[in-house]
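Engineer: For reference, the sequence and a predicted model appear below.
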Amino acid sequence: MDMKRDYYEDIRLLDSGSQIFWLIALLAVLTAFPFFASSYLIYTVNLMAINVIVALGLNLLVGYTGQISLGHAGFFAIGAYGTLVLMTKLGLPFPAALVAGGLISALFGFLLGLPALRLEGPYLAIATLGFGLTITQILGRIDYFGGHMGLQAPPLSVFGIEVTGDAGRYAVIMPVCVLLAWGLRNLTKTRVGRAFVAIRDSDIAAECIGVNLTYYKTLAFAVSAFYTGVAGGLMAFVLGFINPHTFNVMISILFLAMVVVGGLGSVLGSIMGAVLISWLQIELNRITELPLLGPLLEQISHSVFTISGLPNVQYVVFGLIMVGIIIFEPLGLYGIWIRTKLYWRTWPF
Amino acid sequence: MFSQLIISGIAIGATYALMALAMVIIYKTSEVLNFAQGDMAMLSAFVAYFILEDQGLGFAAAFPLALLFAFCLGAVLEFGFLRRAKEPTVLGLIIITLGLQMILYGLASWRWGSDQKNFPFPVSDFEVHEILPGAVISDLNLVTLGWALLLMLLLFAFFRYTKLGVAMKATQQNHVVARIMGIRVNRILMLTWGISSMVGASAAFLIASTDTLDPNLMWNPQLKGFSAAVLGGMTSLPGAVAGGFILGVIENLFGGYVSVEFKSVVAFAVIVLILCVRPSGLFARHYVRKV
């Protein structure tokens, strides 16, 4: 939107004074939030923050580098299992285990990135989908990882401080989320980030101007997997208990939906997409309790559908919202945000 | 044992092949990965069930009517949702089909609940023929197998010899040029969705009659059909059918000799390995992009 006049304007993290102001305001709200909100609300925000981390990682891969992945549930699982196993079986402290879990996930990301060098489109989609399915199946068969029964999260303590309750977990998750969002924003402004974007726009042209495709594509997979793995490690503590079924194909698909609905290739878009999709996921099952819509839906259920199947109306609404956003705004929520901003900037013209 | 495993593999592979055919038809013309394919078929199977059980009509009326419904459903979804997307990206279109999948799943389970129903079918799954020593195949499996092969031939002939089929191929190759040549690309896409939906619906009838009918019926066959299509090369009809059979046989052999637990996973491992060697599947030509 704004004209970039020199290189330093292009690479700085925040574009203007008002952005700094709003960022500080947002951080203040996030800090004050747990002191006012109810436990359930904090729990919801915890889940959202975790999904934001995944969406950021996946957007790096899908939006910035142009590779599709339907297997991020696999990285999510690796991160969650990695963190828990390192803590319970090897006795690592939580921060070290979380980072190590992320790094293990990144290693798998690197490995998945190798076949991805030759694949694109539906072929890559199937290869990553297969990866996600295989990881969860294998985890479910190994007794060391708890088999089908899954694993229980140990009590959480960070640097010797016991963390309990939703507010406590919020204090752990939210800084990680902010830090990782900051890191991604930074990454996209660097040489590496520009290499990713060049690969997305045309991999052949990128290779011609000296971008090492092998290095950067696998790096994109590894960084994306790291983000997802860290999110998985945090998820294990929010849920308190994980088993292989937590990480099914549907989760991978929802991650992709977050990124596309939010807006490809934008940090703000990933955050908005993740918040919207996770909010819908958590709250839509209460749609029948809405004042006007609820009775109406009940009436329709009696005449056309069945009343016992009424809870399934949430899938219909979920699907309609997703389809609607993409049909009317191919850039997703980020596109809507940009258009609104432009509209008000030039208002009343 | 071995021949029985092969034959059951081919029988299950036939259903994968049908789903793969349905996905390939859409991918060939519009390059959309249709994740709603399975649930479009599932809804059509429920409509067939509704006509059979609730309306009390016979098979001769139910199946054609349900196929007609499937055709209309596919055409309406293309007309109402995919065509409405403005400046769509490939990923955007995938997300639209995912949204449609959720809508269809929600509608079906809202109307029919999630309990399992017995889907009546004129051919029995229990009458078996011993075609090789020690290896049996049921009537239903024979029908499925025959239908998959027949459909492949019919579609092959359709794409090669009819005006509409050739128009579809032209649309696939280049939308703009096809339009210049007087082909109504939008209408072709709508018909493609309709035809693909019918193929998927026929697969759903056959799958529902071996299994029970519930809203989750087609999720797994859809993933398998998708894999089979990728294995065969995503744009090739014979490739999709062959991919389905290969997938079914590999799965069954692995399940029989190595481990039943990893049966459904091994298919994906095999596909990843094959894609490493042939990045565009077994039967499609790998186009090297030129600058």
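Structural biologist: Yep, it's here. Note that the structure is a prediction, hence the values are computed from the model and not measured. Residues are numbered from 1 along each chain as shown, chains lettered A, B, ... in the order given.
Engineer: does chain B sit close to the helix or strand containing A:I50?
Structural biologist: Counting by DSSP states H and E, the element that carries A:I50 is helix A:39-59. No: in terms of C-beta under 8 Å from any C-beta of the partner chain, no part of helix A:39-59 sits within range of chain B; the closest distance is 11.2 Å. C-beta: built from backbone N, CA, C; applies to glycine.
Engineer: OK, contacts around the spatially closest residue to B:S8 that is not a sequence neighbour?
Structural biologist: Closest residue in space to B:S8, ignoring its immediate chain neighbours: B:N252 at 5.4 Å, by C-beta to C-beta, 6 or more residues apart in numbering or on different chains. Residues near B:N252 by C-beta atoms under 8 Å, 6 or more residues apart in numbering or on different chains: B:L5, B:I6, B:S8, B:G9, B:I12, B:K263.
Engineer: Turn the residues you listed into JSON lines, including neighbour count and pLDDT.
Structural biologist: Shown next, in JSON lines, are the contacts of B:N252 (neighbours: other C-beta atoms under 10 Å in any protein chain shown; pLDDT from 0 to 100):
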{"residue": "B:L5", "neighbour count": "18", "pLDDT": "85"}
{"residue": "B:I6", "neighbour count": "18", "pLDDT": "86"}
{"residue": "B:S8", "neighbour count": "22", "pLDDT": "85"}
{"residue": "B:G9", "neighbour count": "22", "pLDDT": "87"}
{"residue": "B:I12", "neighbour count": "23", "pLDDT": "87"}
{"residue": "B:K263", "neighbour count": "17", "pLDDT": "77"}
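Engineer: Would you mind checking which of those residues is nearest to chain A?
Structural biologist: Closest approach to chain A among the contacts of B:N252 (C-beta to the nearest C-beta): B:K263, at 9.7 Å.
Engineer: And for the residue nearest to the closest one when sequence neighbours are not counted, the neighbour number?
Structural biologist: Closest residue to B:K263 apart from its sequence neighbours, by C-beta to C-beta, 6+ apart: B:G255 at 3.8 Å. The local packing of B:G255 (other C-beta atoms under 10 Å in any protein chain shown) involves 18 other residues.
Engineer: where does chain A have low pLDDT?
Structural biologist: Counting by pLDDT under 70, chain A has low-confidence residues at A:1-3.
Engineer: By residue count, tell me the biggest helix in it.
Structural biologist: Criterion DSSP state H: the longest helix present in chain A is helix A:213-239.
Engineer: and the angle for that helix with helix A:39-59?
Structural biologist: Helix A:213-239 and helix A:39-59 are oriented at 170 degrees to each other (axes from the mean of the first three to the mean of the last three C-alpha atoms, to 10 degrees).
Engineer: my guess is B:I94 meets B:V32, correct?
Structural biologist: Yes: with contact defined as C-beta atoms under 8 Å, B:I94 counts as touching B:V32 (7.2 Å).
Engineer: overlap in contacts of the two?
Structural biologist: Contacts common to B:I94 and B:V32, judged by C-beta under 8 Å, 6+ apart, are absent.
Engineer: Against chain B, how distant is the closest residue in space to A:V230 that isn't next to it in sequence?
Structural biologist: Take A:V230 and drop its neighbours on the chain: the residue closest to it by C-beta to C-beta, 6+ apart is A:G102, 4.1 Å away. For A:G102, the distance to chain B equals 24 Å [C-beta to the nearest C-beta, to the nearest Å].
Engineer: Could you give the backbone dihedrals for A:G102?
Structural biologist: phi -60, psi -40 (degrees, to the nearest 10).
Engineer: for B:E261, same thing?
Structural biologist: Here B:E261 shows phi and psi, under degrees, to the nearest 10, equal to phi -60, psi -40.
Engineer: and it, what does it touch?
Structural biologist: A:Q137, A:R141.
Engineer: rerun at 7 Å
Structural biologist: By C-beta atoms under 7 Å, 6 or more residues apart in numbering or on different chains, the contact list for B:E261 reads A:R141.
Engineer: likewise B:T97?
Structural biologist: Taking C-beta under 7 Å, 6+ apart, one finds B:V32, B:L33, B:N34, B:F35, B:A36 in contact with B:T97.
Engineer: Three-state assignment for the second one, please.
Structural biologist: It stands for B:L33. Under DSSP: H, G, I helix; E, B strand; the rest coil, B:L33 falls in the coil class.
Engineer: hang on, isn't it packed against B:I96?
Structural biologist: No: taking C-beta atoms under 7 Å as the definition, B:L33 is not a contact partner of B:I96, at 10.7 Å.
Engineer: more crowded one of these two?
Structural biologist: Legend: neighbour count by other C-beta under 10 Å for B:L33 and B:I96, higher for B:I96 (28 against 25).
Engineer: so how far is B:I246 from that one?
Structural biologist: Using C-beta to C-beta, to the nearest Å, B:I96 is found at 31 Å from B:I246.
Engineer: buried stuff in the helix or strand where A:I300 lies?
Structural biologist: Element membership of A:I300 [criterion: DSSP H and E] is helix A:293-303. For helix A:293-303, the neighbour count (16 or more other C-beta atoms under 10 Å in any protein chain shown) marks A:L297, A:S301 as buried.
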